[in-house]
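Q: Using only what follows, build the 3D model:
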Amino acid sequence: MSGRFVVLGPEEVALLPPPPLRDPSLPSSRPSSPSRGRRDSSQTSISSPSFFSSFSLSSTRAMAGIWLLLGASVLLLLGSGRVSSHRYDTNGGLEAAAERRAENLHRLDTIILLTYITVLIVIVLTAWLFKHYRFRFIHETGVTLIYGLFIGIVLRYFNIGLLESQTFDVVPKNATTVNEPPDYLRLGVNGDAGKTVTFTYELIEGFFADSEKKKHNERKIEQKSAFSPELFFNVLLPPIIFYAGYSLKKRSFFRNIGSILLFVFLGTTISCIATAVLMFIFTRIFGMGFAFQELLFFGALISATDPITVLAVLNEKNVEANLYALIFGESAMNDAVAIVLAATIDSYTMTGDTVDLMGILSAGVTFVEVFVGSLLLGSIIGCLNALLTKFTHISEHPILESALFILISYTSFLIAEIVHLTGIVAVLFCGICQAHYTFNNLSVESQTTTKRFFQLVSFLSEAFIFCYIGISVFVGNNQKWNIFFILFALISITLARAVYVYPLCELINLQRRPPIPKNYQHMILFSGLRGAMAFALADRNTATENRQTILATTVAIVLFTVLFNGGLASWMIDYLGIKHGERANEEERATTSIQPDEVGDYTTTSSHSGVTIASTPGHNPWDKAFLPRKWYNFDANFMKPLLTHATPSLTETLPSICYPLAKMLTSDRQLLSHQPLRMRYDSENGSCSMSNSLDQILS
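A: Below is the predicted model of the structure:
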């Protein structure tokens, strides 16, 4: 190994014997205090009132191992900086120097990837620790941000990843006028023996070379640690949004669909406008040069809530299903609304038009067109996949079936982006449709595989994004920090959220039974954390100083809300007196007669044939509403029989004149699942035996 010291890598650390872990089922050696840190007895986690008092010997060893891994990643960074500092020498000429530069950059890329992988390993181990030991005032998401901050400090303030670089001034030939920035630059230089060597360079957005022309050490690793915003939108965000729709608890979600849609559409719009107005007043008072359109864009992106931490706490404490559905439903769908709002406002800003009534109406029409178009596109692709899995026997090959499911789901995002719609909206509703229809057609193995796959990818993507948000505080030159702008932004987003939460809840309570209680309203207000979506939207365009200020403010808001709101979520639930644990379960059982189903809300599965049978609505008070009742009837009589193997089939629900078409759209499994239809099916296929046993026919 070359160099003057040895770096202990994560692979070597992984070979060390793991510390002995205490069995969670065994009683703790510490005396328990019943008056501190309430927790449901059905959970195996150990309750504790604070971060520090929950540490036992085994948890201390586990945390020490985690920090050892994090330290190893830091040592990797420090080591890489020392051994790759010099890029050029006088031997070999220009071509050899260019080759050595490429080798050093490749090595630097590998070290960066290894560092991120090591940090992700640390995050996974931290998540495991939090599953076994409860820390009351901090959550794994907040710890992930702290890890990112730590790595960012190391990248920023330690001389690591230095490569010798130099800058040349390049001017167009013959004083050519350039109206757009070039994508590539060709530079011809005189090499050895008068030989001209041409180098081609690609433009890197967001980073600009120093004006210093002499050779100097450049923080190359800091530059290469920053990722393009397109990576977030095209790779990391789609699986997160799809899983939000695919894992949707449809029963509670659709029970509260009216309230959720009001929060998502009207609430997000009110929050956007209120934030922009408050920030406009502030910037005018303090003489900051922000246009109202820029503040509207900031209001749109910062309206995207991402209460991952709060939802995890709500799930751990097993709060009442309606509160969970309201918070989750708003966060799952308002990301899509915020994206469309931000894109509409951004395109309107780039045209340079002034804000007037016609412009607002035009922007509103564009918003509706893009959102509805994306919704329909995602739903159609989800339904097409349901038909494909229904009428093929691909379920006999679960690997192919799962691969097809994943690829078709991702195409909904790509097609929407190609046709100038919003891929995030499309992939969200594609996930909802696939969970409601396609999931019922999959084999049991594929059902498990697809759920676990998207759960895994979503977890890793979220972990990477929150870690990178922490790193971005210190890495990169596309942020401009303004403490006064940040402070008033925190005040503005809180007031803007209160402006729509309380009035809309009062409006909803005029017709809702049971109404949304005040403590639920306070918790909804408190759950307005910002996260990956707001950061990705802000990071997508940092060409101007104002946009750089918006990005820095967004990073600060994400850090504050995740660490403060997320850390106090458990305490806030107890303080507001929100029912959780067995109390919430008893109340839920008292108000509903049907337990939630893993596959669908209104489906049951035959134990003999695996045929999904659509149940009828009307078992709950909320089913009596006109629109839900009509949709459930339409879904049970047409959509479910068309897209799944559910019964009654279309041959029973459609008029007799449509029988040929209905039979063509009915699967063999549906025909065999009902006695009269089975007799007709056997006679039309020339069968002489009329068996009354479904098992005999299926065999």
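
Q: Tell me which other helices or strands the helix ranked longest in the chain touches.
A: Counting residues, the longest helix found in the chain (DSSP state H) is helix 93-132. Secondary-structure packing of helix 93-132 (3 or more Cβ pairs under 8 Å, 6 or more residues apart in numbering; DSSP states H and E): helix 10-14, helix 57-83, helix 140-157, strand 162-165, strand 196-202, helix 220-224, helix 444-472. The way it works is simple: take the backbone N, C-alpha and C, and place the C-beta from them, glycine included.

Q: go with 10 Å
A: Other helices and strands packing on helix 93-132, by 3 or more Cβ pairs under 10 Å, 6 or more residues apart in numbering; DSSP states H and E, are helix 10-14, helix 57-83, helix 140-157, strand 162-165, strand 196-202, helix 220-224, helix 308-317, helix 444-472.

Q: can you state the direction angle for that helix and strand 196-202?
A: Per axes from the mean of the first three to the mean of the last three Cα atoms, to 10 degrees, the angle that helix 93-132 makes with strand 196-202 is 20 degrees.

Q: Of all the residues in helix 93-132, which ones are buried?
A: 94, 97, 100, 104, 108, 111-112, 114-116, 118-123, 125-127, 129-130, 132 (16 or more other Cβ atoms under 10 Å).

Q: List the residues that contact Thr411.
A: 381, 385, 418, 426-427, 430 (Cβ atoms under 10 Å, 6 or more residues apart in numbering).

Q: buried stuff in the one helix or strand it maps to?
A: In this assignment (DSSP states H and E), Thr411 forms part of helix 398-418. For helix 398-418, the neighbour count (16+ other Cβ under 10 Å) marks 398, 401-406, 408-413, 415-417 as buried.

Q: do stretch 384-394 as well
A: Judged by neighbour count (16+ other Cβ under 10 Å), stretch 384-394 contains these buried residues: 384-390, 394.

Q: so which of the residues you listed would you say is closest to Ile550?
A: Nearest to Ile550 among these is Asn385, at 38.1 Å by Cβ to Cβ.

Q: Give the full set of residues in contact with the closest residue to the closest one other than its chain neighbours.
A: Using Cβ to Cβ, 6 or more residues apart in numbering and skipping the chain neighbours, the partner closest in space to Asn385 is Ile408 (4.7 Å). For Ile408, the contacting residues are 381-382, 384-385, 388-389, 430, 434, 438, by Cβ under 10 Å, 6+ apart.

Q: Quick one: mark the members of the residues you listed that sit in strands.
A: In strands, defined here by DSSP state E, there are no members of the contacts of Ile408.

Q: now, which of these sits nearest Cys658?
A: Leu384 (21.2 Å).

Q: Hmm, Ile415 and the closest one touching each other?
A: No - assessed by Cβ atoms under 10 Å, Leu384 is found out of contact with Ile415, at 11.4 Å.

Q: What about the nearest residue to Thr196 once chain neighbours are set aside, how many residues nearby?
A: Using Cβ to Cβ, 6+ apart and skipping the chain neighbours, the partner closest in space to Thr196 is Gly188 (5.2 Å). A total of 9 residues lie near Gly188 under the criterion other Cβ atoms under 10 Å.

Q: Where does Gly188 fall, secondary structure wise?
A: Per DSSP H and E, Gly188 falls inside strand 184-190.

Q: got a list of contacts for that strand?
A: Here strand 184-190 makes contact (Cβ under 10 Å, 6+ apart) with 94, 168, 170, 195-203.

Q: What about the residues you listed, which one has the most neighbours?
A: The residue in these with the most neighbours, by other Cβ under 10 Å, is Leu94 (16 neighbours).

Q: how near is the residue nearest to Thr196 to Pro172?
A: According to Cβ to Cβ, to the nearest Å, Gly188 and Pro172 sit 14 Å apart.

Q: what does Tyr116 give?
A: Going from Tyr116 to Pro172 by Cβ to Cβ gives 39 Å.

Q: and what of Gly423?
A: According to Cβ to Cβ, Gly423 and Pro172 sit 37 Å apart.

Q: circling back to that earlier point, and the contacts of strand 184-190 as JSON lines, adding distance to Ile273 and pLDDT?
A: Converted to JSON lines, the contacts of strand 184-190 look like this (distance: Cβ to Cβ, whole Å; pLDDT from 0 to 100):
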{"residue": "Leu94", "distance to Ile273": "58", "pLDDT": "69"}
{"residue": "Phe168", "distance to Ile273": "48", "pLDDT": "72"}
{"residue": "Val170", "distance to Ile273": "45", "pLDDT": "73"}
{"residue": "Lys195", "distance to Ile273": "63", "pLDDT": "73"}
{"residue": "Thr196", "distance to Ile273": "59", "pLDDT": "74"}
{"residue": "Val197", "distance to Ile273": "57", "pLDDT": "74"}
{"residue": "Thr198", "distance to Ile273": "53", "pLDDT": "76"}
{"residue": "Phe199", "distance to Ile273": "50", "pLDDT": "75"}
{"residue": "Thr200", "distance to Ile273": "47", "pLDDT": "77"}
{"residue": "Tyr201", "distance to Ile273": "44", "pLDDT": "75"}
{"residue": "Glu202", "distance to Ile273": "40", "pLDDT": "70"}
{"residue": "Leu203", "distance to Ile273": "36", "pLDDT": "68"}
